[in-house]
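A.B. asks: Predicted model and sequence below, questions to follow.
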Amino acid sequence: MYLTAPQLLAIQLSPNEYGVDYLKVVSLVSARPQIIKEAVIQEQLQKHGIQEVLVHSGQHYVYDMSDIFFKVLKIREPDYNLGVGSGTHGEMTGRTMIAFEQVVMKEKPDVILVYGDTDTTVAGALVGAKLKIPVAHVEAGIRQEPRNMPEEINRKVTDHVSDLLFVPSRLAVENLTREGVTKGVYFVGDVMYDLFLKMKPHFDYSVIDELSLQEGNYVVVTIHRDFNTDDPVRLKWILDSLRELSKQLGVVFSMHPRTKKRIQQFGFEDVLEGVDVIQPLDYLKLMGLVMHSAFVITDRGGLQKETYFCGKRALVVMPDTGWRELVDIGWNVLGNSRCSSLGLIWRLSDAWNCFDKTLEVSSLRWGRS
Ligand code: UD1
């Protein structure tokens, strides 16, 4: 029998009283990948009678990047919004720490719950550690190159100051062991798959009609990592590749505000001629779009997995991935240079029909978190 994450929390924090009435959790979210995980965790905490105070840092603040996810996934309004907004990493991390510390001192939780790898995650974990309040990290143990990417720094620091590490894959357990982190590590599975199963009946396929796309004949693109957007040469080769691809297949680019800003700043607007550029999509619309796509091109962590859940393949525009299992079995492919990416795009287009769509990754435990 697998214990759920809230049960593990309860046992860890009140070993003598498995009745968990008095347990109080403060959860901290900020961006899409965390908000969607919160949708699953919130339901489970309620089910187990654990009191939750929900805090939004405000790192993501435009409607399409935050509010819409609360709406479509029916997550209750946060109890606090710290209004942190955008800025340098130091500014965002610092502002979050200052404001979050006040909330934590007032609420006096038994545990602080942080998710994933954003600046908000590391800020929340540091506040908990310094106040000597146990920190639980959901999606702990993920590692990837380059080591200097902001998310990788956030993951490492968070894992090393957390007391409870809820780990989604065997590889993540191994990563932690290699770094000497073995205490409080629980291989609980992946909450993203729980969410996928829960929401599948509600996926929204409307964008396919709105853009007059043909099923199986278009590619879904999301690009937002700093190493892809902030270097004009690299951003240009990505955009050039997409334009070339759009001569053969529909290309739908769901564009993050950072990417939009950089394209304007570098004067690359015309490069995307032939590509359908759309606003960031909510979870249900994005999943609906991916379900009927040919494949996906992305540098998002979660979307690489969700594409697999949808039975589709992803070209991952990164030097490395935290979900290496999916690359090792040949399902997803890493494309890190213009040349290799274009070649891989064609390979993906050709290979799809004869690919074993039933492939399972045994080292990942999907769902039941
Ligand atoms: C952050 C996370 C990343 C996660 C992603 C989800 C960090 C270091 N990275 O990246 O792991 O995958 O969120 O989207 O925390 N912006 C807006 N409106 C918003 C949000 C952002 O205009 O609501 C623009 C701002 O110009 C901002 C830029 O996007 O400076 C980057 O935002 P930021 O939160 O720093 O990082 P993300 O690229 O979104």
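C.D. replies: Good, I have the coordinates.

A.B. asks: Confirm Ala129 sits in a helix?
C.D. replies: Yes - Ala129 sits within a helix when classified using DSSP: H, G, I helix; E, B strand; the rest coil.

A.B. asks: So is stretch 95-109 next to the ligand?
C.D. replies: No - judged by Cβ under 6 Å from any ligand atom, stretch 95-109 makes no contact with the ligand; its nearest approach is 10.0 Å. For the C-beta atoms, the positions are set from N, CA and C on the backbone; glycine is no exception.

A.B. asks: Can you list the buried residues in that stretch?
C.D. replies: Neighbour-count burial for stretch 95-109, counted by 16 or more other Cβ atoms under 10 Å, picks out 95-97, 99-101, 103-104, 107, 109.

A.B. asks: That one: how far from the chain's middle?
C.D. replies: The chain centroid and the centroid of stretch 95-109 are separated by 24 Å under Cα atoms, centre = their mean, to the nearest Å.

A.B. asks: Next, count neighbours for the closest residue to the ligand within the stretch 51-200 of the chain.
C.D. replies: For the stretch 51-200 of the chain and the ligand, the shortest gap (Cβ to the nearest ligand atom) falls at Thr118, measuring 3.2 Å. Burial of Thr118 is recorded as 28 neighbouring residues (other Cβ atoms under 10 Å).

A.B. asks: dump the residue contacts of it.
C.D. replies: By Cβ atoms under 8 Å, 6 or more residues apart in numbering, the residues touching Thr118 are 30-31, 33-34, 59, 151, 154.

A.B. asks: Write out the residues of the stretch 151-300 of the chain neighbouring the ligand.
C.D. replies: Contacts of the stretch 151-300 of the chain with the ligand, taken as Cβ under 6 Å from any ligand atom, map to 151, 224, 257-258, 261, 300.

A.B. asks: ok, of those residues, which come out buried?
C.D. replies: 151, 224, 257-258, 300.

A.B. asks: Okay, and which of the residues you listed map to helices?
C.D. replies: Among these, the members falling in helices are 151, 257-258 (criterion: DSSP state H).

A.B. asks: Tell me which of the contacts of Thr118 fall in helices.
C.D. replies: Judged by DSSP H, helices contain the following of those: 33-34, 151, 154.
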